[in-house]
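S.K.: have a look; sequence and predicted model below, questions after that.
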Amino acid sequence: MCKKRKNFILSIFIIICIILAAVFTGCGSQKTSKSNEQGNQGTRTIVDMAGRTVTVPSHIKKVCSTNPIGTVFMYTLSPDKIAGLNNKISKAESKFTINSYKNLPVEGGYFGQGQTMNKEELLKIKPDIILNMGPINSSSISNADKIQNDLGIPVVCVTSDLDKMDNAYKFMGNLTGNTSKAKELGDYCKKTYAEITDIAKKIPEDKKVKVYYAEGKEGLQTDPKGSIHSELIDLVGAINVAQVPIQAGYGRSGVSMEQLLKWNPEAILVCIDQGFAAPANDPYKVIMSNPNWSNLKAVKDKKVYVIPCEPFNWFDRPPSVMRILGAKWLGNLLYPNYFKYDIKAEVKEFYDKFLHIKITDQQYEEIMSNVK
């Protein structure tokens, strides 16, 4: 009797572990296959990539995202289904996006510091679902439930993990009906991620470059190893020098010049928010002209690089699917003897596949002219 009771408790424990593992690893494709069509009611019940059961319309025509990560993702998959933007469109976005995207209304979002969606305006355009794309954890699940209860609109969680981007495309392709495009983009992401990780493994420890990621108006904010905001440094086999705690969500830990001098990076990556900085708030100019920075090896060796950002940042802010292209660029930049991509050809292919823009040689030069 006692043995039977122990076996019963063990079985319950194993089942709970399996459920929790499914929730926190975001195995969306398997969950999607369990969708239950209820066509006569115009709805269907799905399990999203966070393991949440959500009832959504049978046919998804309009999608709003809680953040720019999801909006960029939807732009690559089905720009015709985007119902609204998170921010007023920037000049960088305007130059290299299709016309219909530029004319979408701004609905806000739940991202950054204290931003929310405009509930009244959102209810006017009546999106079929709200896409909540990002790292999946207990906090993101709780936020999705809260937003769904507040707005009365189904909220669907989808992972933004680079190694699961193919699953994210498969999940959203099944949900929106755009399966062929989803497969094309998902296959590209899966292949690229495998290539990058394979090459990165071949870089000897003594050849790994020490990198600092400079954020903020003066470059004295950063995100350390393990953060989604600096993930590409880890991915291409470089060393993120920042020894600070990870700030969840918005990120951006403050650092001092004393810490930077101690870390003494060999290369610095500069993030310029929204693609453009006012002359007085340009972190690249600060780094290259302020005497406090001049003692760093990266500055002495002129290895300070502004990250490409047209129409969306290739590295972070937001940490979107553009990072797939950014990984190729960064690998080539730091390790030209290992990563040997033809970046011009890669950029043209990526912009065609993902951004629906066939760029010319002149436009390519324009995009890269901002990359110092």
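M.R.: Done, it's in.
S.K.: C-alpha only now, for contacts and for neighbours.
M.R.: Noted.
S.K.: which residue ranges of the stretch 101-250 of the chain form helices?
M.R.: With DSSP state H, counting those that start in this stretch as the criterion, the stretch 101-250 of the chain has helices at 119-125, 138-151, 165-176, 179-201, 231-235.
S.K.: let's have those helices in CSV, adding distance to N313 and mean pLDDT.
M.R.: Putting the helices of the stretch 101-250 of the chain into CSV (distance: least, CA to CA, whole Å; pLDDT from 0 to 100) gives the following:
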stretch, distance to N313, mean pLDDT
helix 119-125, 26, 84
helix 138-151, 23, 93
helix 165-176, 17, 97
helix 179-201, 17, 98
helix 231-235, 12, 96
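S.K.: now do the contacts for the residue most central in space within the chain.
M.R.: Central residue of the chain (CA atoms, centre = their mean): S320, 2.4 Å from the mean position. Contacts for S320 (CA atoms under 8 Å, 6 or more residues apart in numbering) come out as 68-70, 72-73, 160, 314.
S.K.: for stretch 362-371, the distance to its chain's centre please.
M.R.: When distances are taken as CA atoms, centre = their mean, to the nearest Å, stretch 362-371 is centred 22 Å away from the chain's centroid.
S.K.: buried residues, it. List them.
M.R.: Judged by neighbour count (16 or more other CA atoms under 10 Å), stretch 362-371 contains these buried residues: I367.
S.K.: now do the strands in the stretch 201-350 of the chain.
M.R.: Remark: strands assigned in the stretch 201-350 of the chain by DSSP state E, counting those that start in this stretch are 210-214, 221-222, 239-240, 253-254, 267-270, 304-306.
S.K.: between those, which one is closest to S289.
M.R.: strand 304-306 (11.9 Å; CA to CA).
S.K.: now do that closest one: distance to the chain's middle.
M.R.: So, by CA atoms, centre = their mean, the centroid of strand 304-306 is 20 Å from its chain's centroid.
S.K.: which of the strands of the stretch 201-350 of the chain sits closest to I367?
M.R.: Using CA to CA as the measure, strand 304-306 is the one of the strands of the stretch 201-350 of the chain that comes nearest I367, at 11.7 Å.
S.K.: quick one: average pLDDT of the closest one?
M.R.: On average, the pLDDT along strand 304-306 is 94.
S.K.: do the same with stretch 363-372
M.R.: pLDDT averaged over stretch 363-372 gives 82.
S.K.: how far off centre is it?
M.R.: For stretch 363-372, the distance to the chain centre is 22 Å (CA atoms, centre = their mean).
S.K.: residues in contact with that stretch?
M.R.: 304-310, 344, 347-348.
S.K.: let's see if you can find the most crowded of the residues you listed.
M.R.: Within these, most neighbours by other CA atoms under 10 Å means C309, with 25 neighbours.
S.K.: looks like that one contacts A92 (just checking).
M.R.: Yes - at 7.2 Å, C309 counts as touching A92 under the criterion of CA atoms under 8 Å.
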